[in-house]
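*Asks:* predicted model follows, preceded by the sequence.
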Amino acid sequence: MEKLRDIKPLVEIPDYSFYLYMAVMVIVTLLIALMLFYLIRLFSKKRVDKREQILKYLRALPFDNPKRVAYAITKYGRFLVKDESSARLYEELVRKLTKYKYKKEVDPLDEELKREIKLFLRVHNE
C-alpha cells in the first residue's frame, strides 16, 4: 500500500471546446443570415429599364428647341427600335431631322414632323 501514496488526485483540466463550438456556430449562422439577406436584396431590386428612361426623356423634350430635339431623337431613338417597321420609321425621322442639326439657326419644327415624333414615341410605348 505504500506504493500507492505516489498517486496524485485527479486534476481538472479546463475545457473550452463547448464554448468555442457555440461561438463558431453563432458566427456561421450570422454569416449565412447576412449572405441570404444580401442575396434576397440583390434579386428583389427593381431593375431600371433603359428603354423606359429614354422614352421618358424623349417625351419630356420641349419642341421649342428643334436642334436639341433633332440631336436627342437621333442619339437615343436607336435604343427604342425593336422591329423592322420601327427601324424604318426611325430612319425616316432621322432623315427629316438632319436639316435641323447642322445649321446655326434653324426654323421651328413643323407640325407634321411633331406628329411623326409623337407617333414614333407612341409606337414604343408598349
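*Replies:* Looks like it arrived, so ask away.

*Asks:* would you map the helices across the chain?
*Replies:* In the chain, helices defined by DSSP state H lie at 17-44, 50-59, 66-76, 84-97, 111-123, listed in chain order.

*Asks:* buried sites along the first one?
*Replies:* So the one you mean is helix 17-44. When burial is assessed from 16 or more other Cβ atoms under 10 Å, helix 17-44 yields no buried residues. Yep, even glycine has a C-beta here, placed from its N, CA and C like the rest.

*Asks:* use 32 as the first number from now on
*Replies:* Shifting the count to begin at 32 puts that one at helix 48-75.

*Asks:* can you put the helices of the chain in CSV and add distance to Val42 and mean pLDDT?
*Replies:* As requested, the helices of the chain are exported to CSV (distance: least, Cβ to Cβ, whole Å; pLDDT from 0 to 100):
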stretch, distance to Val42, mean pLDDT
helix 48-75, 18, 93
helix 81-90, 73, 87
helix 97-107, 81, 89
helix 115-128, 87, 88
helix 142-154, 87, 86
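
*Asks:* nearest to Ile38, out of those?
*Replies:* helix 48-75 (27.3 Å; Cβ to Cβ).

*Asks:* packing partners for the closest one?
*Replies:* Packing contacts for helix 48-75, counted by 3 or more Cβ pairs under 8 Å, 6 or more residues apart in numbering; DSSP states H and E, involve no helix or strand.

*Asks:* domain ranges for this protein?
*Replies:* Structurally, the chain divides into domains by automatic domain parsing as follows: 33-75, 81-154.

*Asks:* what about the first one, distance to the chain center?
*Replies:* Which is domain 33-75. 42 Å (Cα atoms, centre = their mean, to the nearest Å).

*Asks:* and what of stretch 104-118?
*Replies:* On Cα atoms, centre = their mean, the centre of stretch 104-118 falls 21 Å from that of its chain.

*Asks:* ok, stretch 110-128 next?
*Replies:* 26 Å.

*Asks:* for Pro45, report the pLDDT, please.
*Replies:* Note for Pro45: predicted pLDDT of 86.

*Asks:* Asn96 too?
*Replies:* 86.
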